[in-house]
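**Student:** One predicted model, sequence on top.
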Amino acid sequence: MSDAPSPDPAPDFAPGSAPDPAAIAANLAAVRARIATAARRAGRAPEDVALVAVCKTHPADAVRHALAAGQLRFAENRVQEAAAKFPPLRAAYPALCLHLIGGLQTNKARDAVRLADVIETLDRPRLADAIADAAAREGRLPTLLVQVNIGDEAQKSGIPRAAADAFITACRHRFGAALAGLMCIPPAAADPAPYFAALAAFAARHGLGVLSMGMSADFEAAIAHGATHVRIGSAIFGARPHPAAAGTH
Ligand SMILES: *Cc1c(COP(=O)(O)O)cnc(C)c1O
């Protein structure tokens, strides 16, 4: 559900076919150019907007092609898939940075803390407890973003808007500087701009610097509203091989 359909006819290869290195490199270059244009249009520096390449459901070879094209920051939405795909890639590319962007069950918190550099989906007190506990056991605390259910949609993850200020404050006290910012997925089929503006207002109120918002279909609008991280999948890797399995949370 939160896996908003992208109207962009981006795929350069058929779902399920072997990932094409030239297509992935060309898509990455095109997306980077669009990010730079959107940043400049907003009076921002292109390097202030980080591209997070969302590779969920795509094979490790697709990630390898992106790495070869200079992309180091990736995102998965499932812990198990990240665990299967990323350890060998990280061994080959120590500078690789992995974000987790899917709804996180408390019983996966320990694996998430072990695997991820950034967990974008901290959205409830029990998960904060589980992450704190896992961090103590693992001796490692990833960067954390609070996911706000910015459209207050029943089917979506994220802390409800009315509870967000108190939760962000509590996470700030608990995790200190590791709590770096906020993430949202606006309602599908609505103008995302007011939702991006609302998330930016939450971040400004709490003095948080990281704003993860914007996907293939709407990242330019997100950048206009201050996104520091855009999460882009299909515009880079093409249509997901198994759409039914992609990211309902
Ligand atoms: C899948 C996903 C994306 C990427 O979506 P695209 O439309 O393919 O760019 C971004 N954010 C989240 C949370 C996702 O689950």
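**Tutor:** Structure received. Quick caveat: nothing in here was measured; it's all calculated off a predicted structure. Numbers count the residues shown, from 1 in each chain.
**Student:** In this structure residue 224 contacts residue 42, no?
**Tutor:** Yes: between residue 224 and residue 42 a contact is recorded at 4.9 Å, counting by CB atoms under 8 Å. For every residue, glycine as well, the C-beta is placed using N, CA and C.
**Student:** Tell me which stretches of this protein form strands.
**Tutor:** 50-54, 73-76, 97-100, 118-122, 143-149, 159-160, 179-183, 210-212, 229-232 (DSSP state E).
**Student:** list the helices and strands the longest helix anywhere in the chain packs on?
**Tutor:** Determined from DSSP state H, the single longest helix within the chain is helix 21-41. Packing partners of helix 21-41 (3 or more CB pairs under 8 Å, 6 or more residues apart in numbering; DSSP states H and E): strand 50-54, helix 60-68, helix 219-224, helix 234-237.
**Student:** Direction included, what does the first one pair against?
**Tutor:** Here strand 50-54 is paired, per DSSP bridges, with strand 73-76 (parallel), strand 229-232 (parallel).
**Student:** what about the last one, near the ligand?
**Tutor:** Read it as strand 229-232. Yes: using CB under 6 Å from any ligand atom, we find that strand 229-232 touches the ligand at 231-232.
**Student:** Would you report the backbone torsion angles of the residue nearest to residue 196 when sequence neighbours are not counted?
**Tutor:** Leaving aside its chain neighbours, residue 196 sits nearest to residue 225 (3.7 Å; criterion: CB to CB, 6 or more residues apart in numbering). Main-chain torsions, residue 225, degrees, to the nearest 10: phi -100, psi 10.
**Student:** any idea how far residue 225 lies from the ligand?
**Tutor:** 16 Å (CB to the nearest ligand atom, to the nearest Å).
**Student:** quick one: average pLDDT of stretch 195-202?
**Tutor:** The average pLDDT within stretch 195-202 is 98.
**Student:** which stretches of this structure have low pLDDT?
**Tutor:** For the chain, applying pLDDT under 70 flags the ranges 1-16, 241-249.
**Student:** returning to what we had before: count the neighbours of the residue nearest to residue 196 for me.
**Tutor:** 20 (other CB atoms under 10 Å).
**Student:** show me what contacts it?
**Tutor:** Taking CB atoms under 8 Å, 6 or more residues apart in numbering, we find residue 225 in contact with 193, 196-197, 199-200, 213.
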